[in-house]
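> Provide a 3D model corresponding to the input given below.
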Amino acid sequence: FAAAATKGDVTVKNVIPKHLEAISAKLLEIGCEVEEFDDAVRVVSSKPLHHTQVTTLPYPGFPTDLQSVLMAVLSVSSGLSLLEEKIFEARFQTVPELRRMGASIQQGEAFALIEGKERLLGTDVKAEELRGGAALIMAAVAAGKSRISGMEYVHRGYEDIQGDLKKLGVVVNYS
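Next up, the predicted model:
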């Protein structure tokens with residue numbers, strides 16, 4: 001999703017591509033190129049991204065843990081996307097913060113309608129949980145310079161997210 005958010009080219013190593021089929025399918029659907037290797041997946045985003053419809057489901061379906069990150073990407077994709085949450089309640093905690101960044105998201109109890117925009121706005125936002133924090137990072141990368149508070153949630157769940165992002169050319173400063 002970082003490749004999609006940044007119009008980049010990212011290879012993720014030490015993965016089992018078969019386990020990522022639902023994710024790869026959505027990346028292809030929104031306009032990314034996905035190349036699978038024995039133990040790696042390469043995602044290239046060089047064209048405009050498109051809308052999609054996503055429903056979270058148990059494995060092998062689309063993972064609920066990634067719906068907020070996908071929502072951030074869909075915020076900068078053309079068209080109207082529908083995201084249905086079928087696993088957990090209260091998974092849309094990041095919506096108000098994405099809206100602060102200029103995202104156009106209408107939210108119901110178990111769904112979100114995302115009208116993609118060309119660009120998000122860099123601003124101050126707050127992560128309230130791990131997955132939402134990752135989504136805000138993707139939105140900030142797409143928007144430009146932003147400040148995200150509540151990063152302790154992200155640090156708990158990602159071993160070295162600052163180092164991983166640096167490898168992608170994203171500079172993260174902590175205060």
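
> quick one: the residue sitting furthest away from the middle of the chain from Ile16, how far?
Distance from the centre of the chain peaks at Asp38, with 24.3 Å (CA atoms, centre = their mean). Per CB to CB, to the nearest Å, Asp38 is found 9 Å from Ile16. No exception for glycine: its C-beta is placed from N, CA and C like everyone else's.

> repeat for Met138
For Met138, the distance to Ile16 equals 23 Å [CB to CB].

> between these two, who's got more neighbours?
Taking other CB atoms under 10 Å, Met138 and Ile16 do not tie; Met138 has more neighbours (25 against 12).

> Can you tell me the SS state at the more buried one?
helix (DSSP: H, G, I helix; E, B strand; the rest coil).

> OK, contacts around it?
Taking CB atoms under 8 Å, 6 or more residues apart in numbering, we find Met138 in contact with Phe1, Ala2, Ala5, Val69, Ala72, Val73.

> what do you get if the cut-off is 6 Å, keeping everything else the same?
Going by CB atoms under 6 Å, 6 or more residues apart in numbering, Met138 touches Phe1, Ala5, Val69, Ala72.

> Okay, and the last one sits in which element?
Okay, so that is Ala72. Assigned by DSSP states H and E, Ala72 falls within helix 67-74.

> what does that helix rub up against?
By CB under 6 Å, 6+ apart, helix 67-74 touches 1, 4-5, 56, 81, 83, 94, 114, 131-132, 134-135, 138-139.
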